[in-house]
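J.: return a 3D structure for these sequence lines:
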Amino acid sequence: MTRPLKLDPDRLFPADGRTRDIARSLYAEVAGLPIISPHGHTDPTWFSTNENWSNATELLLAPDHYLYRMLYSQGIALADLGVPDKNGVPPHDPRAAWRLFAEHFHLFRGTPSSMWLGHVFGEVFGFEVALDASTADHYYDRINEKLASDAFKPRALFDRFGIEFLATTEGPQDDLSPHHAIHNSGWQGRVVTTYRPDAVIDVEHEQFAGAMKVFAEKTGEDVWSWDGYLAAHRKRRADFRAAGATATDHGHPTALTANLDHDEAERLFRTILSDSWTPQDAELFRAQMLTEMAAMSADDGMVMQIHPGSCRNHNGGLFHSHGRDKGADIPTRTDYVHALKPLLDRFGTSTDLSIILFTLDETTYSRELAPLAGHYPCLKLGPSWWFHDSPEGMLRFREQVTETAGFYNTVGFNDDTRAFLSIPARHDVARRIDCGFLAQLVAEGRLLDWEAHELAHDLTNGLVRKAYKLDQPAPAPVAAAA
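T.: The predicted model follows:
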């Protein structure tokens, strides 16, 4: 027996009738606004080549760690889900993987993944029956049929979704030619890169040695000297700016910063390049480099994003077989007040620097992050992130930071996703939750109606546009290193 798939038009709105009516009115104004996705991990080659995706498993299941981490937790092997190992070859038949996913789709009930996929299946692909074991092949064949069409090529979906701006994430060792190809193609879609230098900053990163060699090749700098290393970052940042980047991103284990003088930093760098560094040296170097990156952002205008607090690759066996980003990253307790002080002592009052803070530690919202952003001009708060980009997490964020930081020390929403087709679903969830939160304040007499309508637009579009400097003139495209 097939079960219907039906999206409730009032989903995520407050249950109270009066408040729900207010939320509906607010949402009606912002539901169709263009999507701005200023931080994410989609593949730029999708848009440079504009080639069709091959099948449902390759696009929707195998790249999405939100999905396969849940299935893995229930004892299902990644090989059976079509997730590539370190050899890069999908080890299983994609149709069989999809059937296994469909058979266990009930595991996602009540999770954000279920809501996002419900939107993808209903709104993007037009399904009217739910996914389960009995409809697995129907889904797989219909999705594949649509993916083979011109209407489902990456650029066509980009336009259909109403995406105005989308940022991918690359490292200084990565090839930027897909971004230059996008620009040179004449297509009007705005897809830009983001500078993520972790692989050449974190000596504990498994790619560090190889990335440093490529870093030297791409910049022509002596990256094994402290001054040459910093010059290489400046040069590579300029390359990224030429490819459209407006922001940098830093995924360090902690938010620790340091402000060593030149000689101290140079000695530490020599230690990092030796075989005698310790974990404490690695942490101090990452801390110093956050401050160095802040200095460079103050100079070149790139917005700085700090995404700390994840214990990466907690499952050592899985990391050995499949590498990083396979659903085994776990949130940790994170300090911001003391960790950021060296950086803020130097740049906290700067109006030339913009730093967006994220957290996986929700206990810091009202205790640390909101008071910091509510004081320092250079700080803004990023939205609820990763494990907390759920309706509940978004609401907790608004409830805990608004009283101290207000709305205008936040930066709207970003989806931070590898799952391209889920982007409109994720933004729709954020818009609904924000409209519901504003509606509650109106119903309680804490906001005037016109204030809520202005805020709905700002939270959807205005704040993110301002935070990521999207209305400032982009640097003129120039021939830049790949």
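
J.: so this structure: which segments form each domain?
T.: The record's domain parsing of the chain by automatic domain parsing lists 52-152, 157-467.

J.: report the rounded mean pLDDT for the first one.
T.: Per-region confidence: domain 52-152 scores 94 on mean pLDDT.

J.: same question for the last one.
T.: With pLDDT averaged residue by residue, domain 157-467 scores 97.

J.: what about Arg234, how many residues nearby?
T.: Residues within reach of Arg234, counting by other C-beta atoms under 10 Å, total 13. Where you see a C-beta, it was placed from the backbone N, CA and C, and this is true even at glycine.

J.: do the same with Leu26
T.: Neighbours of Leu26 under the rule other C-beta under 10 Å: 28.

J.: what residues are up against it?
T.: When contacts are counted by C-beta atoms under 8 Å, 6 or more residues apart in numbering, Leu26 touches Cys435, Leu438, Ala439, Ala452, His453, Ala456.

J.: let me know the pLDDT of the closest residue to the last one other than its chain neighbours.
T.: I take that to be Ala456. Distance criterion C-beta to C-beta, 6 or more residues apart in numbering; nearest residue to Ala456, sequence neighbours excluded, is Leu26 at 4.5 Å. pLDDT, Leu26: 98.

J.: re the thing from before, tell me which of the domains of the chain is the most buried.
T.: The highest average neighbour count among the domains of the chain, using mean count of other C-beta atoms under 10 Å, belongs to domain 157-467 at a mean of 19.

J.: run through the strands of the protein in chain order.
T.: All strands of the chain, identified by DSSP state E, fall at 35-37, 163-167, 191-192, 247-250, 303-306, 310-311, 330-331, 355-357, 379-381.

J.: out of those, which comes closest to Asp415?
T.: With C-beta to C-beta as the measure, strand 35-37 is the member of those nearest Asp415 (5.6 Å).

J.: what residues are bridge-paired with the closest residue to Thr410 other than its chain neighbours?
T.: Excluding the flanking residues, the one nearest Thr410 by C-beta to C-beta, 6+ apart is Leu381, at 4.9 Å. Judged by DSSP bridges, the bridge partners of Leu381 are Leu357, Thr410.

J.: which residues touch the residue nearest the centre of the chain?
T.: The chain has Asp416 as the residue nearest its centroid, 1.9 Å off, counting by C-alpha atoms, centre = their mean. The contact partners of Asp416, by C-beta under 8 Å, 6+ apart, come to His39, Gly40, His41, Trp385, Trp386, Asp389.

J.: which of the residues you listed lies closest to Met302?
T.: Using C-beta to C-beta, those come closest to Met302 at His39, 12.6 Å.

J.: in CSV: the contacts of Asp416, plus distance to Thr410.
T.: Output for the contacts of Asp416, formatted as CSV (distance: C-beta to C-beta, whole Å):
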residue, distance to Thr410
His39, 14
Gly40, 18
His41, 22
Trp385, 12
Trp386, 17
Asp389, 14
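
J.: and which of those is nearest Val203?
T.: When the contacts of Asp416 are compared for distance to Val203 (C-beta to C-beta), His41 wins out at 23.1 Å.

J.: Asp471 against Asn461, yeah?
T.: No. Assessed by C-beta atoms under 8 Å, Asp471 is found out of contact with Asn461, at 11.1 Å.

J.: and for these two, which residues touch both?
T.: With contacts taken as C-beta under 8 Å, 6+ apart, Asp471 and Asn461 have no neighbour in common.

J.: and the closest residue to Tyr408 other than its chain neighbours, how far from Val411?
T.: For Tyr408, ignoring the flanking residues on the chain, the nearest one in space by C-beta to C-beta, 6+ apart is Leu463 at 7.0 Å. Per C-beta to C-beta, to the nearest Å, Leu463 is found 5 Å from Val411.
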